[in-house]
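Undergrad: Quick one, structure for this:
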Amino acid sequence: MPTDRLSNTFSALADPTRRAILARLALGETSVTELAEPFRMSMPAVSKHLKVLERAGLIVRGRAAQWRPCRLEPAPLEGAAEWLENYRRLWEERFDRLEVYLRELQAKDDTRLASKKIKEKSRARKK
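TA: I've put the predicted structure just below:
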(Lines give C-alpha, C1' and ligand atoms only; values in the text may rest on other atoms or scores of the structure.)
Protein backbone atom coordinates (compact mmCIF):
# COMPACT_ATOMS: atom_id res chain seq x y z
CA MET A 1 0.00 0.00 0.00
CA PRO A 2 1.52 3.37 -0.96
CA THR A 3 2.21 5.79 1.87
CA ASP A 4 1.62 9.49 1.51
CA ARG A 5 4.46 11.99 1.87
CA LEU A 6 3.22 13.37 5.19
CA SER A 7 3.14 9.88 6.71
CA ASN A 8 6.67 9.23 5.46
CA THR A 9 7.82 12.51 6.99
CA PHE A 10 6.31 11.80 10.40
CA SER A 11 7.53 8.20 10.33
CA ALA A 12 11.07 9.39 9.65
CA LEU A 13 10.81 12.04 12.38
CA ALA A 14 9.60 9.47 14.92
CA ASP A 15 13.15 8.30 15.61
CA PRO A 16 15.40 10.45 17.85
CA THR A 17 18.54 9.46 15.93
CA ARG A 18 17.03 10.66 12.67
CA ARG A 19 15.91 13.91 14.31
CA ALA A 20 19.48 14.40 15.58
CA ILE A 21 20.82 13.81 12.08
CA LEU A 22 18.41 16.41 10.69
CA ALA A 23 19.43 18.87 13.40
CA ARG A 24 23.05 18.44 12.37
CA LEU A 25 22.19 18.87 8.69
CA ALA A 26 20.30 22.07 9.50
CA LEU A 27 23.77 23.53 10.16
CA GLY A 28 24.90 22.67 6.64
CA GLU A 29 25.92 19.91 4.30
CA THR A 30 28.20 17.26 5.77
CA SER A 31 29.53 13.80 5.06
CA VAL A 32 28.02 10.52 6.18
CA THR A 33 31.14 9.84 8.25
CA GLU A 34 30.76 13.15 10.10
CA LEU A 35 27.06 12.48 10.66
CA ALA A 36 27.87 9.08 12.18
CA GLU A 37 30.48 10.38 14.66
CA PRO A 38 28.22 11.27 17.63
CA PHE A 39 26.29 7.99 17.50
CA ARG A 40 27.24 4.69 19.05
CA MET A 41 26.28 2.62 16.05
CA SER A 42 27.84 1.06 13.01
CA MET A 43 28.07 2.80 9.66
CA PRO A 44 25.52 0.38 8.19
CA ALA A 45 23.07 1.37 10.96
CA VAL A 46 23.63 5.07 10.23
CA SER A 47 23.17 4.32 6.55
CA LYS A 48 19.79 2.72 7.29
CA HIS A 49 18.69 5.89 9.08
CA LEU A 50 19.87 7.97 6.14
CA LYS A 51 17.91 5.77 3.73
CA VAL A 52 14.73 6.34 5.74
CA LEU A 53 15.35 10.10 5.70
CA GLU A 54 16.11 9.99 1.98
CA ARG A 55 12.95 7.98 1.17
CA ALA A 56 10.95 10.56 3.12
CA GLY A 57 12.56 13.28 1.01
CA LEU A 58 14.08 14.92 4.09
CA ILE A 59 17.67 14.64 2.89
CA VAL A 60 19.54 14.43 -0.38
CA ARG A 61 22.72 12.38 -0.61
CA GLY A 62 25.38 13.00 -3.16
CA ARG A 63 28.70 11.61 -4.22
CA ALA A 64 31.86 13.52 -4.90
CA ALA A 65 34.71 11.01 -5.29
CA GLN A 66 35.11 9.45 -1.82
CA TRP A 67 33.06 12.14 -0.13
CA ARG A 68 29.38 11.30 0.40
CA PRO A 69 27.73 14.63 1.25
CA CYS A 70 24.25 14.86 2.76
CA ARG A 71 22.09 17.94 2.90
CA LEU A 72 18.74 18.79 4.39
CA GLU A 73 15.72 19.07 2.10
CA PRO A 74 13.26 21.35 3.93
CA ALA A 75 10.14 20.93 1.73
CA PRO A 76 8.72 17.87 3.58
CA LEU A 77 9.30 19.61 6.92
CA GLU A 78 7.39 22.62 5.65
CA GLY A 79 4.49 20.34 4.69
CA ALA A 80 4.48 18.78 8.16
CA ALA A 81 4.65 22.22 9.79
CA GLU A 82 1.66 23.41 7.75
CA TRP A 83 -0.32 20.32 8.73
CA LEU A 84 0.54 20.82 12.40
CA GLU A 85 -0.28 24.53 12.20
CA ASN A 86 -3.90 23.74 11.38
CA TYR A 87 -4.19 21.68 14.55
CA ARG A 88 -2.34 24.27 16.62
CA ARG A 89 -4.91 26.87 15.59
CA LEU A 90 -7.75 24.47 16.33
CA TRP A 91 -6.44 23.75 19.84
CA GLU A 92 -5.72 27.40 20.55
CA GLU A 93 -9.32 28.25 19.65
CA ARG A 94 -10.58 25.47 21.91
CA PHE A 95 -8.34 26.57 24.77
CA ASP A 96 -9.50 30.17 24.30
CA ARG A 97 -13.14 29.04 24.55
CA LEU A 98 -12.30 26.97 27.62
CA GLU A 99 -10.61 29.98 29.21
CA VAL A 100 -13.72 32.13 28.61
CA TYR A 101 -15.93 29.41 30.10
CA LEU A 102 -13.70 29.02 33.16
CA ARG A 103 -13.71 32.78 33.72
CA GLU A 104 -17.51 32.76 33.54
CA LEU A 105 -17.62 29.98 36.12
CA GLN A 106 -15.17 31.85 38.33
CA ALA A 107 -17.25 35.03 38.06
CA LYS A 108 -20.37 33.08 39.11
CA ASP A 109 -18.48 31.59 42.05
CA ASP A 110 -17.17 35.03 43.03
CA THR A 111 -20.72 36.43 42.89
CA ARG A 112 -22.07 33.56 45.03
CA LEU A 113 -19.24 33.96 47.52
CA ALA A 114 -19.77 37.72 47.77
CA SER A 115 -23.50 37.19 48.22
CA LYS A 116 -22.87 34.61 50.93
CA LYS A 117 -20.51 36.97 52.79
CA ILE A 118 -23.06 39.77 52.64
CA LYS A 119 -25.73 37.47 54.09
CA GLU A 120 -23.37 36.33 56.85
CA LYS A 121 -22.52 39.93 57.77
CA SER A 122 -26.21 40.79 57.81
CA ARG A 123 -26.96 37.87 60.14
CA ALA A 124 -24.03 38.80 62.40
CA ARG A 125 -25.34 42.37 62.75
CA LYS A 126 -28.79 41.12 63.70
CA LYS A 127 -27.38 39.13 66.60
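Undergrad: Tell me which stretches of the chain form strands.
TA: 30-31, 59-61, 69-72 (DSSP state E).
Undergrad: ok now the longest helix along the chain, how far from the chain's centre?
TA: In the chain, assigned by DSSP state H, the helix with the most residues is helix 75-126. Offset of helix 75-126 from its chain centre (Cα atoms, centre = their mean, to the nearest Å): 25 Å.
Undergrad: For that helix, which helices and strands make contact with it?
TA: helix 5-13 (3 or more Cβ pairs under 8 Å, 6 or more residues apart in numbering; DSSP states H and E). C-beta here means a position set from N, CA and C on the backbone, and glycine is covered the same way.
Undergrad: What are the contacting residues of the helix it packs on?
TA: Applying Cβ atoms under 8 Å, 6 or more residues apart in numbering, the contact partners of helix 5-13 are 3, 18-19, 22, 52-53, 55-58, 76-77, 79-80, 83.
Undergrad: which residue is nearest the centroid of the protein?
TA: For the chain, the residue sitting closest to the mean C-alpha position, by Cα atoms, centre = their mean, is Leu84 at 7.8 Å.
Undergrad: one step back: Throw the strands of the chain into TSV and include distance to Met43 and mean pLDDT, thanks.
TA: Shown next, in TSV, are the strands of the chain (distance: least, Cβ to Cβ, whole Å; pLDDT from 0 to 100):
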stretch	distance to Met43	mean pLDDT
strand 30-31	11	91
strand 59-61	14	93
strand 69-72	13	93
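Undergrad: Report the buried residues of stretch 73-82.
TA: Glu73, Pro76, Leu77, Ala80 (16 or more other Cβ atoms under 10 Å).
Undergrad: any residues touching that stretch, and which ones?
TA: The contact list for stretch 73-82, computed with Cβ under 8 Å, 6+ apart, reads Arg5, Leu6, Asn8, Thr9, Phe10, Leu13, Leu22, Ala56, Gly57, Leu58, Ile59, Val60.
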